[in-house]
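1. Sequence and predicted structure, then a few things I'm wondering about:
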Amino acid sequence: MTDNVMRFRELFLGTCQRIIANATGSYRIFKNRKCRIRLSGSSVLPVCYPQNLAALVLIGTGLCMIFLDEPSHYWRETLPVGFLHTFGWLNALGNSSWLLIGSGVLCLVLLAQNTRRYGFRLRMALYSAFIYSAFLCYTVAASGLLVIAIKWPLGRARPKLFDTMGAFHFDPLIFKAAYSSFPSGHSTTVGATIVTLSLIFPSWRGFIIAAGFWVAISRVIWGAHYPSDAYTGVLLGAAFSYYSARILARRHIGFKLSDDGRLHRSLGVSSARQCRHVIGKMLKRQKNRQATTSSSVPDIVVQPPAPLRSRKWNVR
């Protein structure tokens with residue numbers, strides 16, 4: 001028992017040391033590539049200027065408040081009960097917990113790998129997987145903290161208080177969950193996830209945007225937010241992820257900027273296929289190794305006793 005405990009302790013300490021060393025090396029790479037910022041002269045698209053995004057938020061939020069917030073409450077009451085329950089599972093997809101836990105665990109698993117024993121292609125594949133999983137975890141977590149810092153001091157009443165306070169009641173600095181409607185935290189997560197996944201998987205961009213749209217709308221149908229809350233949250237999360245990706249692109253980490261200012265994934269289509277093939281091959285090899293280890297101990301086969309040979313007596 002003591003040997004097993006000591007062996008587990010050594011394995012745990014070695015894994016922690018490897019995670020810390022790999023995380024320190026990743027941060028050192030990010031910090032040292034700051035000098036490449038001067039070499040990136042790509043300009044931002046006009047629609048992505050901060051002042052233009054702020055104008056888009058103000059105009060869209062104002063229009064939603066005037067024309068959609070109050071009518072959406074009465075429209076939601078006319079929906080069938082079964083229709084509301086159908087959007088319950090979509091509403092759960094906007095929760096940031098499963099994204100943070102999944103991407104965070106994947107980052108720790110990748111940091112715990114001893115990449116020195118792998119080949120070049122496998123190292124690059126694991127490196128790319130770590131960058132994109134860490135970027136997803138960061139954008140979801142940081143945008144969520146940002147929206148909490150905005151929504152709680154503003155103190156907008158949620159739709160469940162519509163009958164007593166209306167759709168435009170604000171009670172600043174009350175710091176209660178019932179007064180934290182604007183902007184929507186779930187919609188902010190949706191906006192950050194849409195931009196992040198659209199950059200990582202550009203061929204799935206249309207499906208990702210369509211799925212994210214219905215997840216954001218589910219907050220309104222579920223009665224947790226007004227349309228203006230969802231609209232502002234989506235734009236806030238999308239803008240945060242976009243500018244975070246530009247910071248990495250200017251350092252040539254995970255993303256790149258074209259001459260016209262567009263943001264792209266640094267991995268090409270063929271490189272992404274090779275990375276997926278190499279990682280799949282590694283996982284298959286580990287699965288076969290575990291299967292071989294589990295079957296290395298032969299089963300004890302009980303052999304039946306040999307039949308007795310009949311003796312022939314020579315009778316004279």
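-> That came in fine, so what should we check first? Numbering: from 1, shown residues only.
2. Can you name every helix or strand that the helix or strand hosting Ala211 contacts?
-> Using DSSP states H and E, Ala211 sits in helix 205-221. Secondary-structure packing of helix 205-221 (3 or more CB pairs under 8 Å, 6 or more residues apart in numbering; DSSP states H and E): helix 69-77, helix 88-93, helix 185-200, helix 227-250. From N, CA and C alone the C-beta is placed, and that goes for glycine too.
3. what comes up buried for the shortest one?
-> Looking back up the chat, that one is helix 88-93. Leu90, Asn91, Leu93 (16 or more other CB atoms under 10 Å).
4. so what's the residue nearest to the last one when sequence neighbours are not counted up against?
-> Take Leu93 and drop its neighbours on the chain: the residue closest to it by CB to CB, 6 or more residues apart in numbering is Val215, 5.0 Å away. If a contact means CB atoms under 8 Å, 6 or more residues apart in numbering, then Val215 has Leu90, Asn91, Leu93, Gly94, His186, Val190 as its contacts.
5. And for Leu111?
-> Arg18, Ile19, Asn22, Ala23, Ser26, Phe130.
6. tell me the pLDDT at the third one?
-> As predicted, Asn22 sits at a pLDDT of 82.
7. so which strand or helix has it?
-> Here Asn22 is assigned to helix 2-32, by DSSP H and E.
8. Please tell me how far Trp204 sits from Leu197.
-> 7 Å (CB to CB, to the nearest Å).
9. The two: who's more crowded?
-> It is Leu197, of Trp204 and Leu197, that has more neighbours when counted by other CB atoms under 10 Å, with 20 against 12.
10. Could I get the buried residue list for the one helix or strand in the chain whose mean pLDDT sits lowest?
-> Lowest on mean pLDDT, DSSP states H and E among the helices and strands of the chain sits helix 269-294, with a mean of 72. Within helix 269-294, the residues scored as buried using 16+ other CB under 10 Å are Ala272, Cys275, Val278, Ile279, Met282.
11. same check, this time on stretch 150-166
-> Buried, per 16+ other CB under 10 Å, within stretch 150-166: Ile150, Lys151, Trp152, Leu154, Gly155, Arg156, Ala157, Arg158, Pro159, Phe162, Met165.
12. Quick one: end-to-end distance for it.
-> End-to-end distance for stretch 150-166, by CA to CA, to the nearest Å: 21 Å.
13. Show me how far that stretch is from its chain's centre.
-> 29 Å (CA atoms, centre = their mean, to the nearest Å).
14. do stretch 184-194 as well
-> 11 Å.
15. do the same with stretch 193-201
-> Put simply, stretch 193-201 sits 9 Å off its chain's centre (CA atoms, centre = their mean).
16. hmm, who's touching it?
-> For stretch 193-201, using CB under 8 Å, 6+ apart, the contacting residues are 99, 132, 135-136, 139-140, 204-205, 208-209, 212, 234, 237-238, 241-242, 245, 255, 263-265.
17. And stretch 71-89, end to end?
-> 24 Å.
18. Flag every buried residue along that stretch.
-> So stretch 71-89, judged by 16+ other CB under 10 Å, has buried residues Ser72, His73, Arg76, Phe87.
19. Repeat that for stretch 244-260.
-> Ser244, Ala245, Arg246, Leu248, Ala249, Arg250, Arg251, Ile253, Gly254, Phe255, Lys256, Leu257.
20. same deal with stretch 93-101?
-> Leu93, Gly94, Ser96, Leu99, Leu100.
21. now do stretch 3-22
-> Ile19, Asn22.
22. Check stretch 116-133 too.
-> Across stretch 116-133, burial judged by 16+ other CB under 10 Å covers Leu122, Met124, Ala125, Leu126, Tyr127, Ser128, Ala129, Phe130, Ile131, Tyr132, Ser133.
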